[in-house]
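*Asks:* here is a sequence together with a model predicted from it:
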Amino acid sequence: MIMIDRQRQLANPLRLGRRGRVALIAAVVLLAAGIVALYTTAAGPRQGCVEVTFPSTLGAARIEKCGAKARELCANPHEIPSLETQIRESCRRAGIGA
């Protein structure tokens, strides 16, 4: 029968060899690195970057500017009248004076 040695198998703890332990540790480290990477990218806009999402003909569009281009956009938010309020808010969150 198939179940003859099953009780003995279930009574003994799982034993990993050296290769199994290394594989398990590598998997845990990769999982932790993935979680950290996901958290840092999804945490929000980067410091000094302006991100504005707005409705478009194909759904949503996005403006992303960093550095000098972000400062230029924040200095002249009136150039895009329909998004002026959103640009000012994004500049305030990014710490760039508008």
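*Replies:* Cool, the structure landed.
*Asks:* going by C-alpha atoms from here, please, whenever you check contacts or count neighbours.
*Replies:* Noted.
*Asks:* count of neighbours near H78?
*Replies:* 14 (other C-alpha atoms under 10 Å).
*Asks:* and it, helix, strand or coil?
*Replies:* helix (DSSP: H, G, I helix; E, B strand; the rest coil).
*Asks:* look up how far S90 lies from it.
*Replies:* Distance check for H78 against S90: by C-alpha to C-alpha, to the nearest Å, it reads 14 Å.
*Asks:* again, but for N76
*Replies:* From N76 to S90 the distance is 13 Å (C-alpha to C-alpha).
*Asks:* more neighbours: the two, which one.
*Replies:* S90 (21 against 14).
*Asks:* any idea which element that one lies in?
*Replies:* Applying DSSP states H and E as the criterion places S90 in helix 84-94.
*Asks:* dump that helix to CSV, keeping only the CA atoms.
*Replies:* Taking Å, rounded to 0.1, in the frame of the first residue of the first chain, the C-alpha atoms of helix 84-94 are listed here in CSV:
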residue,chain,number,x,y,z
GLU,A,84,-2.3,74.7,-12.5
THR,A,85,-3.8,73.7,-9.1
GLN,A,86,-2.6,70.1,-9.4
ILE,A,87,0.9,71.3,-10.4
ARG,A,88,1.1,73.7,-7.4
GLU,A,89,0.0,70.9,-5.0
SER,A,90,2.6,68.5,-6.4
CYS,A,91,5.3,71.2,-6.2
ARG,A,92,4.4,71.8,-2.6
ARG,A,93,4.6,68.0,-1.8
ALA,A,94,8.0,67.9,-3.6
